[in-house]
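K.L.:
coords please:
(one chain, ligands or ions: 1)
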Amino acid sequence: MTEPIVMYKDVHKSFGDVKVLRGVDLDIKPAEKVAVIGPSGSGKTTIIRMLMTLEEPTSGDIIVDGKNLWHMEKGGKLVPANEKHLREVRGDIGMVFQHFNLFPHMTILENCMTAPVNVQKENKTSAKERSIEMLEKVGLGDKLDNYPSQLSGGQKQRVAMARALVMRPKIMLFDEVTSALDPELVGEVLEVIRDIAKEGEMAMVLVTHEMEFARDVADRIVFLDNGVIAEQGPPAEVLENSTNERLQSFLHRFR
Ligand code: ADP
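P.N.:
Next up is the predicted model:
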């Protein structure tokens, strides 16, 4: 059996007195596509932010590529286990946010090239070539010299994807990437994610409210409720056959 690329083991997370995650166990295999659904405030974003090391767990283990991200010190405080590994993990993970976070003063080509050149120290010629290739893949080959302000929301989100992909991540995280978009722009962004998913190699974790999209793209749907995984399984099972009442009432809102 293939080793999971990501393992959450009994992960808890509190912000002050608020317990957001109360014992999450989740394994993700190397090319697996996992959609995370659940009510607002159930901890979906927190789960993926922890993988990106933007938040640390209060307790529990998050293991990426066989190595634990955090290490429990004697007083019970979690600290980064190993700075080098943390940097490597960040390099292996690409994240696309609800708000595109593009650099407004750079063209879209420069937006894509900046991390490979400045972080990965790739030479400019090859970073440029690969960035153009990625921008073509997301359908923006004719906009290379445009600035973000000249693009629609859907186009900006596609740039954000190209920019993440150009780093050749092993894992891509998508955090409600369509929820800030006008409804007519949602389709073009989902289409690009579908294409990326079909290529198959990367693990993908998608936090989404688009149930039909989750059904199409995901190998597994995880329903997060009250800080735990309340249901998970293949899309058809979770969306149609679950007897979990909380899940049914959640899904009812989308019908
Ligand atoms: P979801 O993505 O499912 O909507 P989140 O993971 O964003 O849920 O948030 C879960 C809960 O944690 C919410 O109640 C939110 O207010 C709280 N929360 C998230 N981040 C922070 C933070 N940095 N400080 C305090 N509370 C936070």
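
K.L.:
rest of the way, CA atoms for contacts and neighbours
P.N.:
Fine.

K.L.:
for the stretch 1-150 of the chain, which segments count as helices?
P.N.:
Using DSSP state H, counting those that start in this stretch, the helices assigned to the stretch 1-150 of the chain run over residues 44-51, 83-92, 108-118, 124-137.

K.L.:
tell me, what's the model's pLDDT at the closest residue to M50 other than its chain neighbours?
P.N.:
Nearest non-adjacent residue to M50, counting by Cα to Cα, 6 or more residues apart in numbering: E56, 5.7 Å away. In this prediction, E56 carries a pLDDT score of 88.

K.L.:
over to K77?
P.N.:
pLDDT for K77: 74.

K.L.:
and it, how close does it get to E237?
P.N.:
For K77, the distance to E237 (Cα to Cα, to the nearest Å) stands at 39 Å.

K.L.:
got it, and D225?
P.N.:
17 Å.

K.L.:
which one's more surrounded, the two?
P.N.:
Taking neighbours as other Cα atoms under 10 Å, D225 and E237 compare with D225 leading, 22 against 14.

K.L.:
how about A31: what's its closest non-neighbour residue?
P.N.:
Spatially, and ignoring its direct neighbours in sequence, A31 is nearest to A203 (4.2 Å; Cα to Cα, 6+ apart).

K.L.:
so R220 touches K29, yeah?
P.N.:
No - taking contacts as Cα atoms under 8 Å, R220 lies outside contact range of K29: 10.9 Å.

K.L.:
comparing these two, which shows the higher neighbour count?
P.N.:
Between R220 and K29, counted using other Cα under 10 Å, R220 has the larger neighbour count: 22 against 17.

K.L.:
tell me the contacts of the nearest residue to that one once chain neighbours are set aside?
P.N.:
Of all residues not flanking R220 in the chain, P234 sits nearest, at 4.5 Å (Cα to Cα, 6+ apart). P234 is in contact with 218-221, counting by Cα atoms under 8 Å, 6 or more residues apart in numbering.

K.L.:
ok, 10 Å please
P.N.:
By Cα atoms under 10 Å, 6 or more residues apart in numbering, P234 lies in contact with 34, 215, 218-222.

K.L.:
quick one: low-confidence parts of this structure?
P.N.:
For the chain, residues meeting the criterion pLDDT under 70 lie at 1.

K.L.:
near the ligand, which residues of this structure show up?
P.N.:
Proximity of the chain to the ligand (Cα under 6 Å from any ligand atom) is limited to residues 15, 20, 40-46.

K.L.:
and those, which of them are buried?
P.N.:
For these, a burial check counting by 16 or more other Cα atoms under 10 Å picks out 20, 42-46.
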